[in-house]
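**Q** Give the three-dimensional model of this entry:
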Amino acid sequence: MKNQMNCIQSDPYQRTLHIKVKQTQRLLLGVGILLLSTIASQAQSLLPSASKPDPSKNQKSIQLGDNHYRVVPVGQYGKQASQTDSMVAQATENKTESKRPLFQQAFIQNDLGTQNSIALTQCETCEPASPMSIRAQLDQACNACGSLSGAFGCLHCDSYVYAVAEALHLDRDKEDTATISSRYGLSGFRREMGTRITLGRIPNCVSGWESTFTGIINWSSSGGLEAPIFRIQSNLEPIPPVSADDISAFNDAFIQTVNYDARYWSVEVNRTYVGWEVAKMLCGLRYIDFEEEYRVFSENDNETGSIRSDINNSLIGFQIGMDLTYPILRKTYIDFRGRAGVYANFLDLDLAIINDNEFAAGVSDRSVRAAGQFELGIGLRYEVTPKFSLKCGAEVWYLSGVGKSYDQLDNGIMGRNSVEGYEELITSALTYGAELRY
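**A** Purely as a prediction, here's the structure:
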């Protein structure tokens, strides 16, 4: 070997050939290293990253449809979020729209890629269905996660109870023509006071329950006439088998008096659905009680007569509604209130006409009819504190398919056994009240 090296050193051509061989070997070695490095990098990118949790092996992972999520304690999530210099939020997309979960999630990952934690981007949609459900497991984190600096902060979803107390100043259709004689009219129904009390609870930011009581509202109207010289004639029309002699006490009368009274109240229980504290949808059951009494007394030279017409409308049915809130100034909002419902009206009528102390005609009826109702209102609300607000507004109520006591006489006195008329009740209201949350 030594002789060979001496030979190479002594022969310039051999020395040049040896140097080129060495250079070729080094070049091939570098190319091989480069290829191996590229292949290793490609293989590593195809393998699961150490920074990404494997849902199938992670005992703290949950699955919603085709998506996997790793859940960490809320305390750790807050600490990690405060120590993270920069965050990358990526919403997990579902494979199809039909498999989209009820609530969305986002993963927060730091620069080092060492840990992942779950952040609820729509905490308002968390609602526990059962103690062992996924929604129940996430509800505690949803209601306690607080707010996170950055674009993917959680909404704070505390349970709260609210109460609304309102005074109602109501004016219904006047009914000043509800008289049996053209010689006099009635005073008409005056504006009356009533109340509306609402109690509700929102256990999260999505749905809850509320109940409302409205009433009791009483209207009263009266009229009459004394005419000793020009006697009073009635507009009652006898229809066979009722004759004119059966209502003689109401003609040639020197005195007649009329009293017309009405009462209204309602109670309802609704399921509520709240969106971002600016919109509330509701649906539920409602019972409405509307009663009227009509009384007439008449006297002439020979006899006396009286009319008693009592009708009770008991409506029970299903209603839907919406409450909207829109800010216009700091702490000042415009409120919209809407209700609509369909009902079964259980009518109860007792009508009796007494002439000269004898029963002349009457109706006793128990029947069921369809009825409808809607209420529309607009108002202002001022937020004194985050938990206490003052409010005022104006509303219109419409109730159709109800029977009225005077209408049982308006179309004539006859021998029948059913409720006459299919009337409506229109009421306007001014409202004043306050709302308290706890």
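**Q** just the helices in this protein please.
**A** Using DSSP state H, the helices of the chain run over 2-10, 12-46, 74-83, 134-144, 407-410.
**Q** Which residue comes closest to Ser367 once chain neighbours are left out?
**A** In this structure, Ser367 finds its nearest non-sequential neighbour in Leu347, 5.0 Å apart by Cβ to Cβ, 6 or more residues apart in numbering. In this view, the C-beta of every residue, glycine as well, is placed from N, C-alpha and C.
**Q** That neighbour contacts Asn313, doesn't it?
**A** Yes - Leu347 is within contact range of Asn313, at 6.1 Å (criterion: Cβ atoms under 8 Å).
**Q** the more surrounded of these two?
**A** Set side by side, Leu347 and Asn313 give different neighbour counts by other Cβ atoms under 10 Å, the larger being at Asn313 (26 against 20).
**Q** beta partners of Ile334?
**A** Applying DSSP bridges to Ile334 gives these bridge partners: Tyr326, Leu380.
**Q** How many neighbouring residues does it have?
**A** By other Cβ under 10 Å, neighbour count at Ile334 equals 15.
**Q** Look up how far Phe254 lies from Thr214.
**A** Noted for Thr214: a distance of 43 Å to Phe254, by Cβ to Cβ, to the nearest Å.
**Q** The two: which is more packed in?
**A** Thr214 (23 against 16).
**Q** For that one, give its distance to Lys280.
**A** 18 Å.
**Q** cool, Ile354 as well?
**A** 52 Å.
**Q** More neighbours: which of those two?
**A** Shown here are Ile354 and Lys280; by other Cβ under 10 Å, Lys280 has more neighbours (21 against 18).
**Q** Need the nearest residue in space to the more buried one, chain neighbours excluded.
**A** Nearest non-adjacent residue to Lys280 (Cβ to Cβ, 6+ apart): Asp323, at 4.3 Å.
**Q** How about Ile202?
**A** Closest residue in space to Ile202, ignoring its immediate chain neighbours: Gly208 at 3.9 Å, by Cβ to Cβ, 6+ apart.
**Q** Tell me what that neighbour is bridged to.
**A** Thr272.
**Q** And for Phe374?
**A** Beta bridges link Phe374 to Ala340, Tyr398, judged by DSSP bridges.
**Q** Pretty sure it sits against Arg339.
**A** Yes - because the distance of 6.3 Å satisfies Cβ under 8 Å, Phe374 is recorded as touching Arg339.
**Q** quick one: which of the two has more around it?
**A** Neighbours per residue, other Cβ under 10 Å: of Phe374 and Arg339, the larger number sits with Arg339, 21 against 15.
**Q** which stretches of the stretch 201-350 of the chain form strands?
**A** Taking DSSP state E, counting those that start in this stretch as the criterion, the stretch 201-350 of the chain carries its strands at 207-226, 255-275, 279-299, 304-329, 332-355.
**Q** Now distance to Ala178 and mean pLDDT too, for those strands, in CSV please.
**A** Formatted as CSV, these follow (distance: least, Cβ to Cβ, whole Å; pLDDT from 0 to 100):
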stretch, distance to Ala178, mean pLDDT
strand 207-226, 7, 95
strand 255-275, 6, 96
strand 279-299, 7, 96
strand 304-329, 10, 95
strand 332-355, 15, 95
